[in-house]
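>>> coordinates for the following, if possible.
(chains A, B, C and D)
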2 protein chains.
Amino acid sequence: MADRTGQQLYAQAAELARALASPHRIALLEHVAQGERPVERLAALTGLSMANASQHLQHLRRAGLVLARREGKNVLYRLGEGPVVPLLAALRAQVAHTHAEVMALVTGGENGMGAVETVSRDELLSRLRDETVLLLDVRPEEEFAQGHLPGAVNVPLDALEKRLAELPRDREVIAYCRGPYCMLSLDAALLLQREGLAASRLSDGFPDWKAAGLPVERLN
Amino acid sequence: MADRTGQQLYAQAAELARALASPHRIALLEHVAQGERPVERLAALTGLSMANASQHLQHLRRAGLVLARREGKNVLYRLGEGPVVPLLAALRAQVAHTHAEVMALVTGGENGMGAVETVSRDELLSRLRDETVLLLDVRPEEEFAQGHLPGAVNVPLDALEKRLAELPRDREVIAYCRGPYCMLSLDAALLLQREGLAASRLSDGFPDWKAAGLPVERLN
DNA sequence: CAATCAATCAATAAAACAATTGAATGTTTA
DNA sequence: TAAACATTCAATTGTTTTATTGATTGATTG
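Have a look, this model is predicted:
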């Protein structure tokens, strides 16, 4: 009797892992983690056909990793209830450990241009207190509107080069985006460094911040 | 360029998840988490044929979840280097959340006999300080010998009923075993409760304790 | 109420996976 | 060096996944 229960748990864990066992579904999940999105947009963001995206999303839904609700003719998907973000973080952590090369790339490494330092959440919190830093959200405007870290300034990466003048030169810039997967903040920090600013990036992104229960600001 | 890297990470995360996407591999991993084991034994523990177990283990090895070394004519498998235990814990946490019924079963619930309380690691640490509890390892002797929590007393579940007299009646017993998956400590606590002792169980097991960097005792 | 749009369903063909069998490898023991 | 042993490899079969296509459902708009 004791072992039957164990078997059942193994099966459930495996089923859950199977739901994550597709690059497309991981990508969808990462996008859903940014906030509620209709299928159409998720399909566009991931380069999948509607039908295919829909099926993958339903696979995720069956596993409890995402939830869906209807609004008008759209079906909006959002993250599931459980500790989904920590689960994704654990996956990433293991990936980062086994594929150390990737980590080297993310932190800048040896590629000529200066390495980009990574700032942890705790570090960020203490640094924000002395007002010596500018917190920069480099995600698209719309994602920023749906929620961002308190006090963050939004300059999407696309617009960063043209809007450089808006940034103060006497404060260090800490950029963040969607999470460790997302390269927006890395590209932003590299660009800023080329322009002579002191720039680093937050080690994880908005979804992780929100999942940690830290305060979030929204536009209206 | 930014996105190609993202794609690559998605693919690696998915590959990792795929390695976990089989009940047999989860089971193998849980057994490997108890300590180094030769293929033959892992096969026996999971009820798989040698060849099949071997192939699953190699799948896990390719994913970096386990490592292998040769000793004599045996090949011993052990846990991989990265944060594998936290990853398994994250999987379990999500499973526990979505399948709440299972959690109800594990905590005893409504099944007539009294519920079994679950003690967290922190709780255990503070309770151990006042010496009012007996820490009971109910895993087989051999696993106990390979490593156990400091101060724990080993009485394998099989032998528990016959060796009840060894347990002090004036202290609360906290049982533990291999982890949240493992039902040994639950069965032990239920048995002890039937016999009139105050018994509860540690929420996770030995591998989690070890992975948390807490001190471990060994025989010899 | 017909037309439109987002999303899902259903069916298919191609690709990936799992368990089994028997042969091959590498180590120890006789 | 031959025999025994634990493990891995290779080939096979049956079963799941996957992406695609076209039809269908539900909800809005004219």
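>>> where do the strands of chain A begin and end?
With DSSP state E as the criterion, chain A has strands at A:37-38, A:66-71, A:74-79, A:118-119, A:133-137, A:153-154, A:172-176, A:199-202.
>>> pLDDT of the fourth one, averaged?
This means strand A:118-119. Strand A:118-119 carries an average pLDDT of 88.
>>> coming back round to it: for the strands of chain A, which one sits closest to residue B:89?
Closest to residue B:89 of the strands of chain A, according to CB to CB: strand A:74-79, at 19.2 Å. C-beta here means a position set from N, CA and C on the backbone, and glycine is covered the same way.
>>> for the closest one, buried residues please.
By 16 or more other CB atoms under 10 Å in any protein chain shown, the buried positions in strand A:74-79 come out as A:76, A:77, A:79.
>>> any low-confidence regions in chain A?
Along chain A, segments meeting pLDDT under 70 span A:1-6, A:100-115, A:181.
>>> can the longest helix along it be said to contact DNA strand C?
The residue-count maximum for a helix in chain A (DSSP state H) belongs to helix A:2-19. No. Taking CB under 7 Å from any atom of the strand as the criterion, helix A:2-19 and DNA strand C are apart, separated by no less than 8.8 Å.
>>> hey, where'd the helices end up in chain A?
For chain A, the helices defined by DSSP H cover A:2-19, A:23-32, A:39-46, A:50-62, A:84-98, A:100-106, A:121-129, A:141-146, A:157-160, A:184-194, A:206-211.
>>> would you list those helices in TSV and tack on distance to residue B:48 and mean neighbour count?
What follows is those, written out as TSV (distance: least, CB to CB, whole Å; neighbours: other CB atoms under 10 Å in any protein chain shown):
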stretch	distance to residue B:48	mean neighbour count
helix A:2-19	12	19
helix A:23-32	28	24
helix A:39-46	36	18
helix A:50-62	27	17
helix A:84-98	24	22
helix A:100-106	32	14
helix A:121-129	42	13
helix A:141-146	46	16
helix A:157-160	49	16
helix A:184-194	43	22
helix A:206-211	37	21
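>>> so which of the buried residues of strand A:74-79 is the closest to chain B?
Relative to chain B, the closest of those is residue A:79; by CB to the nearest CB it sits at 11.5 Å.
>>> mind listing what the closest one touches?
By CB atoms under 8 Å, 6 or more residues apart in numbering or on different chains, the contact set of residue A:79 is A:29, A:32, A:33, A:65, A:66, A:67, A:85, A:207.
>>> now with 10 Å, please.
Residue A:79 sits next to A:29, A:32-36, A:60, A:65-67, A:85, A:88, A:207, A:210-211 when contact means CB atoms under 10 Å, 6 or more residues apart in numbering or on different chains.
>>> check residue A:73 too.
residue A:38.
>>> output the helices of chain A as TSV; include the columns distance to residue B:121.
Output for the helices of chain A, formatted as TSV (distance: least, CB to CB, whole Å):
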stretch	distance to residue B:121
helix A:2-19	20
helix A:23-32	29
helix A:39-46	39
helix A:50-62	31
helix A:84-98	17
helix A:100-106	29
helix A:121-129	22
helix A:141-146	37
helix A:157-160	42
helix A:184-194	34
helix A:206-211	22
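>>> now render these as CSV, adding distance to chain B.
Below are those laid out as CSV (distance: least, CB to the nearest CB, whole Å):
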stretch, distance to chain B
helix A:2-19, 4
helix A:23-32, 4
helix A:39-46, 9
helix A:50-62, 10
helix A:84-98, 3
helix A:100-106, 7
helix A:121-129, 17
helix A:141-146, 15
helix A:157-160, 8
helix A:184-194, 5
helix A:206-211, 12
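>>> so which of these is nearest residue B:173?
Nearest to residue B:173 among the helices of chain A is helix A:2-19; the distance by CB to CB comes to 17.9 Å.
>>> isn't residue A:41 up against residue A:48?
No. Using CB atoms under 10 Å, residue A:41 makes no contact with residue A:48, being 11.2 Å away.
>>> what's the straight distance from one end of stretch A:195-209 to the other?
Chord length of stretch A:195-209, first to last residue, is 28 Å (CA to CA, to the nearest Å).
>>> off-centre distance for that stretch?
12 Å (CA atoms, centre = their mean, to the nearest Å).
>>> likewise for stretch A:39-48?
17 Å.
>>> quick one: it near DNA strand C?
Yes. Looking at stretch A:39-48 against DNA strand C by CB under 7 Å from any atom of the strand, the contacts come from A:39, A:40, A:43.
>>> could I get these as a markdown table with distance to residue B:155?
Output for the residues of stretch A:39-48 next to DNA strand C, formatted as a markdown table (distance: CB to CB, whole Å):
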| residue | distance to residue B:155 |
| --- | --- |
| A:39 | 56 |
| A:40 | 60 |
| A:43 | 57 |
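>>> in the contacts of residue A:79, find the pair that's most separated.
With CB to CB as the measure, no two of these lie farther apart than A:60 and A:210, at 18.9 Å.
>>> contact residues of chain A facing DNA strand D?
Residues of chain A lying near DNA strand D (CB under 7 Å from any atom of the strand): A:18, A:21-22, A:24, A:48-49, A:51-52, A:55-56, A:59, A:70, A:72-73.
>>> let's go with 10 Å and repeat that
Within chain A, the positions near DNA strand D by CB under 10 Å from any atom of the strand are A:14-15, A:18-25, A:47-56, A:59, A:70-75.
>>> who's in contact with stretch A:41-61?
Stretch A:41-61 is contacted by residues A:18-32, A:34, A:37-40, A:65-68, A:74-77, A:79-80, A:84, B:3, B:7, B:10 when judged by CB under 10 Å, 6+ apart.
>>> and it, end to end?
Its start and end residues considered, stretch A:41-61 measures 17 Å (CA to CA).
>>> distance from it to the middle of the chain?
Worked out by CA atoms, centre = their mean, stretch A:41-61 lies 18 Å from the chain centre.
>>> returning to what we had before: and the helices of chain A: which comes nearest residue B:183?
Short answer: helix A:2-19, nearest of the helices of chain A by CB to CB, at 3.8 Å.
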